[in-house]
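**Student:** Sequence first, then the predicted structure:
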Amino acid sequence: MMNRMGLRRKFYWTFLIKGLAICTVLCGFCLPVAAAELHLYAGAGLRQPVDQLIEMFQQRTGHCVMVDYDGSGRLLARIRVSGQGDLFMPGSLFFIQKLEQQGRIHSLRPIVAHTPVIALNQNTKAKIRSLENLARPGVRVALGDPKAMALGKTAAVILKRSGLAEAVQSNVSVYGATVKQLALYVAEGMVDASIIGRADAFQFRDRIKMISIPEALYDPETIAIAVLDSSTDLKAACALRNYLSAPASRKVFERFGFLPFKGGGE
């Protein structure tokens, strides 16, 4: 009788100890991962889709993402001076490549294409049907600062290749530091036209008309998301990189007027 009771007690304690050990392991997997605080530098023209996607990412992961919006050139300068930040998503791959040359990019993923168009105010009296018409006397043009923003650099290339740089330059009444400024100048009628991104014109489609630019005049641009080597939480930064470049997120960008990325790989 005593031997039987002793065996039962031994079995009970052995089962209890093993059970506690298993629960400890399982609970360890169930404990919430510490939330990360990420700093994303993003081009000003990407605000609408990025704001929507960041909100969903934060809800799903518990991570906190601070987004710094500005012209891509100014963001690049900020990253270089501060040496801080987790991710960079400019309006052109060119700015990521600048940091990549300095060994400051951990990894990157392409997202969507960034296509330039002529943005024309719906109520303008100027007769503008093509790029050449921007050189007509009296046409008020706004352009981006090539050093401050991606579309400013693209516009400079377009005008140079078309042979219209000098003629259009004489019609420029204002330079913008961000593509949003340029879009507002056109939408509010402060200028007749500008060269901006298709997505930016799309967001003001009730007040802005788009005119296509021949593809031979510009190099295709790509919106990409890069993880910086200065990231303080690479795991969380890579999770955000993957989330923003996922097929479902690309569809969000396309709903805001961006075109699908046609390349392959990274």
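**Tutor:** Cool, the structure landed.
**Student:** Residue ranges of each domain in this protein, please.
**Tutor:** The record's domain split for the chain, according to automatic domain parsing, is 37-113+222-260, 116-217.
**Student:** Using TSV, lay out these together with mean neighbour count and mean pLDDT.
**Tutor:** For every residue, glycine as well, the C-beta is placed using N, CA and C. Output for the domains of the chain, formatted as TSV (neighbours: other Cβ atoms under 10 Å; pLDDT from 0 to 100):
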stretch	mean neighbour count	mean pLDDT
domain 37-113+222-260	19	96
domain 116-217	19	94
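**Student:** tell me what the helix or strand encompassing residue 79 is packed against?
**Tutor:** Assigned by DSSP states H and E, residue 79 falls within helix 72-82. Applying 3 or more Cβ pairs under 8 Å, 6 or more residues apart in numbering; DSSP states H and E, one finds that helix 72-82 makes contact with strand 37-43, strand 64-70, strand 87-89, helix 93-100, helix 150-162.
**Student:** Throw these into JSON lines and include distance to residue 209, thanks.
**Tutor:** JSON lines is the format used below for the helices and strands packed on helix 72-82 (distance: least, Cβ to Cβ, whole Å):
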{"stretch": "strand 37-43", "distance to residue 209": "23"}
{"stretch": "strand 64-70", "distance to residue 209": "26"}
{"stretch": "strand 87-89", "distance to residue 209": "28"}
{"stretch": "helix 93-100", "distance to residue 209": "28"}
{"stretch": "helix 150-162", "distance to residue 209": "17"}
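**Student:** of all the ones you listed, which lies closest to residue 227?
**Tutor:** Evaluated over those, closeness to residue 227 peaks at strand 87-89, with 5.7 Å, by Cβ to Cβ.
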